[in-house]
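A.B. asks: Build the 3D model from these lines:
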Amino acid sequence: MVTLAELPGLACPYCGRVVGADTSWAVSAATLWGWCGWKLANGDGRVDGVLLLGPNEEPGHALVNALWVRPGLTGSGYGRQLVQAAAAGLVQQKEREIVAVGSRQHLRCEAPPSGFLRAVGFARSLDDRLWHLDLDRAVLGERSGVRSAFERLMQSLRPVTPPNPAGGAISGRANRG
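C.D. replies: Reported below is the predicted structural model:
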């Protein structure tokens, strides 16, 4: 998780933007959720990716305010991991949706590439720049898939009823004719 105190050390490697610890959306997020984003750090302590979120105007919705993965590491799955971590954290906070502004190019951390957003489960809205990730649907879909697999496993472990013997020997005596 990212706290307000960590924000000044998380400069975007693409645009150089640094979010201040006193930024209103970050303070609102920290007050509401106890954090304002997620980060991935390597063994050296270097941050390889960041996803910063704040409450959106609509209740139950969070807005992506910055998302980046260090150059040279894009395509490694780090962005997907950041979105998954944020989604899990927001579900625990009873939030329902993540909203992001997408771009055709990745020039700024404030607007992740639309292709990336689509690949990690966001859907485009009527405004072609806005992308939405419905957390209820994403979590329910995952739960139903897990539940289905669990039910199939349990079904395979149930004892099979043995077949009835042939020839009318149900009573223990064979019919002789």
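
A.B. asks: Just the element for the residue minimising distance to the centre of the chain, please.
C.D. replies: Most central in the chain under Cα atoms, centre = their mean is Q84, positioned 2.5 Å from the mean C-alpha point. Using DSSP states H and E, Q84 sits within helix 78-92.

A.B. asks: can you check G45 too?
C.D. replies: Per DSSP H and E: nothing holds G45, as it lies in no helix or strand.

A.B. asks: related to what we said a few turns ago, and the helix holding Q84, average pLDDT?
C.D. replies: When pLDDT is averaged along helix 78-92, the result is 95.

A.B. asks: That helix: what's the following helix or strand?
C.D. replies: Next element after helix 78-92 (DSSP H and E): strand 97-101.

A.B. asks: Check which helices and strands that following strand sits against.
C.D. replies: In terms of contacts (3 or more Cβ pairs under 8 Å, 6 or more residues apart in numbering; DSSP states H and E), strand 97-101 is packed against strand 61-69, helix 78-92, strand 130-134. Heads up, the C-betas are built off the backbone N, CA and C, glycines and all.

A.B. asks: That strand pairs with which strands?
C.D. replies: Note on strand 97-101: by DSSP bridges, its sheet partners are strand 61-69 (parallel), strand 130-134 (antiparallel).

A.B. asks: Tell me which of these sits most buried.
C.D. replies: Neighbour counts (mean count of other Cβ atoms under 10 Å) averaged over each of these peak at strand 61-69, with a mean of 24.
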